[in-house]
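1. following is a predicted model, sequence given first.
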Amino acid sequence: MDSQNLYDELKEMNQHLGATAAEFSQLHESLIELMEKNAELEIENQHLRDRINQITEKVGHNSPELSESRKNLEKLYNEGFHVCSSYYGKRRENGEDCIFCTEIIYGRRD
């Protein structure tokens, strides 16, 4: 292999390495943005769970005895199922609270 071909190949490889480095840098920045967004969403999710728990406790302590039908809904909910109209009968993921379900169980009574 003559020195000109070797130089051309080395120059081409350098260009590929530069493009790969730029792509890697862009992927790294995207990953950092996703990690930051994920952390923000986890914090927001925890705040919402805390708020749901506060509302549930407040409503549960200040309300009169539940009717038999609401007790049945509460039992289903405590077993891990949705009782709201949007997700009725579907299993709640990781035991997460559902504000729609708690509204149906502990909400306004007419």
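-> Everything's here; your move.
2. which other helices and strands does the helix or strand where Met35 lies contact?
-> Applying DSSP states H and E as the criterion places Met35 in helix 3-62. Here helix 3-62 touches helix 99-106, going by 3 or more CB pairs under 8 Å, 6 or more residues apart in numbering; DSSP states H and E. (Each C-beta comes from the backbone N, C-alpha and C, glycine too.)
3. report the buried residues of stretch 66-80.
-> By 16 or more other CB atoms under 10 Å, the buried positions in stretch 66-80 come out as Arg70, Leu73, Glu74, Leu76, Tyr77.
4. what do you get for stretch 86-98?
-> Applying a neighbour-count criterion of 16+ other CB under 10 Å, one finds Arg92, Asp97, Cys98 buried in stretch 86-98.
5. now those as JSON lines including distance to His28?
-> Listed next are those as JSON lines, based on distance: CB to CB, whole Å:
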{"residue": "Arg92", "distance to His28": "36"}
{"residue": "Asp97", "distance to His28": "36"}
{"residue": "Cys98", "distance to His28": "37"}
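6. that's all I had, so thanks and see you.
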